[in-house]
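Chemist: Dropping the sequence and predicted coords here.
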Amino acid sequence: MIVAANDFDADVIVVGAGPLGLLLAAELRLGGAAAAVTAVRRWFAGPTHMRDVR
């Protein structure tokens, strides 16, 4: 799910959607925290996208 930057509610924002960032977000979720993962696509000249991990 891609949401606008002002359209999400998260306890933690994880910067980077690589293997470590996704692992961290999953571990945070297992601990009960809502984590939003953000990443910049360097090959795309658009804005940063936010993904909500639930």
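Modeler: Done, it's in. Everything numeric here is computed off the predicted structure, so don't read it as measured data.
Chemist: Can you show me the strands along the chain?
Modeler: Across the chain, reading from the start of the chain, the strands by DSSP state E fall at 2-3, 12-15, 35-39, 49-53.
Chemist: Mind listing what's buried along stretch 17-32?
Modeler: Using 16 or more other C-beta atoms under 10 Å as the test for burial, stretch 17-32 gives Ala17, Gly21, Leu22, Leu24, Ala25, Leu28. Heads up, the C-betas are built off the backbone N, CA and C, glycines and all.
Chemist: Revised request: answer the last question for stretch 9-16.
Modeler: For stretch 9-16, a neighbour-count test (16+ other C-beta under 10 Å) marks Ala10, Val14 as buried.
Chemist: and the end-to-end length of that stretch?
Modeler: Across stretch 9-16, the terminal residues are separated by 18 Å (C-alpha to C-alpha, to the nearest Å).
Chemist: average pLDDT across that stretch?
Modeler: What stretch 9-16 shows for mean pLDDT is 87.
Chemist: thinking again about what came up before, what is the nearest of the buried residues of stretch 17-32 to Asp11?
Modeler: Of all the buried residues of stretch 17-32, Asp11 sits closest to Leu28, with 7.6 Å by C-beta to C-beta.
Chemist: list the contacts for the nearest residue to that closest one once chain neighbours are set aside?
Modeler: Here the nearest residue to Leu28 in space, its sequence neighbours aside, is Ala35; by C-beta to C-beta, 6 or more residues apart in numbering that works out to 4.4 Å. Contacts were defined as C-beta atoms under 8 Å, 6 or more residues apart in numbering; by that measure Ala35 touches Ala10, Asp11, Val12, Ile13, Val14, Leu24, Ala25, Leu28, Arg29, Val53.
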